[in-house]
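Trainee: Predicted model, plus sequence, below.
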Amino acid sequence: MEKIKNVFKEDSQYKVFLLSLLAMGLSTGLSVNHMITILIALFGGWIWQTVGMETLFIISAVLGLCNSAYAAAIKVEKKAV
């Protein structure tokens, strides 16, 4: 990141650059999240009609547990205070 920072003449230009990167990342993330949510809803409706709501809720519970296990496995650096 230091090489990129040296390209900018002022610190404010660097901050604007970082904020624009953040905005692009958030925009992309929200778009992908929305697309996946719509597809999951359609797939869930298909599962409900084909094999029943019990199976759908079991699959949802398993996915929720997998999501929690994945989130718990993320390592976070602790900064010295």
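Mentor: Arrived safely.

Trainee: C-alpha from now on. contacts and neighbour counts both.
Mentor: OK.

Trainee: center of this protein, which residue is that?
Mentor: In the chain, the residue lying closest to the centroid (CA atoms, centre = their mean) is residue 29, at 5.9 Å.

Trainee: pLDDT value on that one, please?
Mentor: With respect to pLDDT, residue 29 has a value of 79.

Trainee: so which helix or strand takes in it?
Mentor: Applying DSSP states H and E as the criterion places residue 29 in helix 11-51.

Trainee: Pull the distance from that helix to the chain's centre.
Mentor: Distance of helix 11-51 from its chain centroid, counting by CA atoms, centre = their mean, to the nearest Å, is 7 Å.

Trainee: Next: stretch 37-55.
Mentor: Averaging C-alpha positions (CA atoms, centre = their mean) puts stretch 37-55 22 Å from its chain's average.

Trainee: Of all the residues in the next helix or strand after the helix holding residue 29, which ones are buried?
Mentor: Sequence order places helix 53-72 as the next helix or strand after helix 11-51, per DSSP H and E. For helix 53-72, a neighbour-count test (16 or more other CA atoms under 10 Å) marks residue 56 as buried.
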